[in-house]
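S.K.: Predicted model, plus sequence, below.
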Amino acid sequence: MASVEDLKDALRENLDRNGKLRTLKAQLRADVFTALSNNSEADAKAAPQISNENLLLNELIREYLVYNSYRGTASVFLPESGQPGVRPFDRAFLASHLNIPEGPNSAQLPLLYSLVEMAAKGRTQPPQPRTA
């Protein structure tokens, strides 16, 4: 008969293998952060005003997190960074403001991918999506 420790190990391995353990941990961190944040109105009032530059950077990060389905990370990142829940800029504005050329295929990828590829290749053309 399996011991309690054996059952715990098997459950942990199963959850880890199918990716659920990582999701559960991320959700737990998000819930803990939310609970701690909601406990102090003074902390919310003392939060510094977010700069326009940080708003832009945070939107690039938000787009990346959403694209990759990092929901737990995004749920912690947005309130922790002070980013508004409603997007302050749309993708077209970000691409235009950051001089990122948009092609028909680049719209499928987050703008961060375009910036990284453009910087790596020293070019001004948007990246092509990878086909698997």
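M.R.: Okay, I see it.

S.K.: When you work out contacts or count neighbours from here on, use the C-alpha atoms and nothing else.
M.R.: OK.

S.K.: all helices of the protein, in order?
M.R.: 4-17, 20-38, 41-46, 52-67, 71-81, 91-97, 111-121 (DSSP state H).

S.K.: lowest-confidence stretch among these?
M.R.: Comparing mean pLDDT across those, the weakest is helix 41-46, with a mean of 50.

S.K.: Tell me how far the residue nearest to the spatial centre of the chain lies from Arg71.
M.R.: The centroid of the chain falls nearest to Leu65 when counting by CA atoms, centre = their mean (2.5 Å). For Leu65, the distance to Arg71 equals 7 Å [CA to CA, to the nearest Å].

S.K.: Now that we have the helices of the chain, can you turn them into JSON lines and tack on distance to Gly103?
M.R.: Shown next, in JSON lines, are these (distance: least, CA to CA, whole Å):
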{"stretch": "helix 4-17", "distance to Gly103": "37"}
{"stretch": "helix 20-38", "distance to Gly103": "33"}
{"stretch": "helix 41-46", "distance to Gly103": "40"}
{"stretch": "helix 52-67", "distance to Gly103": "17"}
{"stretch": "helix 71-81", "distance to Gly103": "27"}
{"stretch": "helix 91-97", "distance to Gly103": "11"}
{"stretch": "helix 111-121", "distance to Gly103": "10"}
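
S.K.: Nearest to Asn105 among these would be which one?
M.R.: Asn105 lies closest, by CA to CA, to one member of the helices of the chain: helix 111-121, at 10.9 Å.

S.K.: what helices or strands is the closest one leaning on?
M.R.: Counting contacts by 3 or more CA pairs under 8 Å, 6 or more residues apart in numbering; DSSP states H and E, helix 111-121 is packed against helix 52-67.

S.K.: Counting neighbours, what do you get for the closest residue to the residue nearest to the centre of the chain other than its chain neighbours?
M.R.: In this structure, Leu65 finds its nearest non-sequential neighbour in Ala74, 6.1 Å apart by CA to CA, 6 or more residues apart in numbering. By other CA atoms under 10 Å, 19 other residues sit near Ala74.
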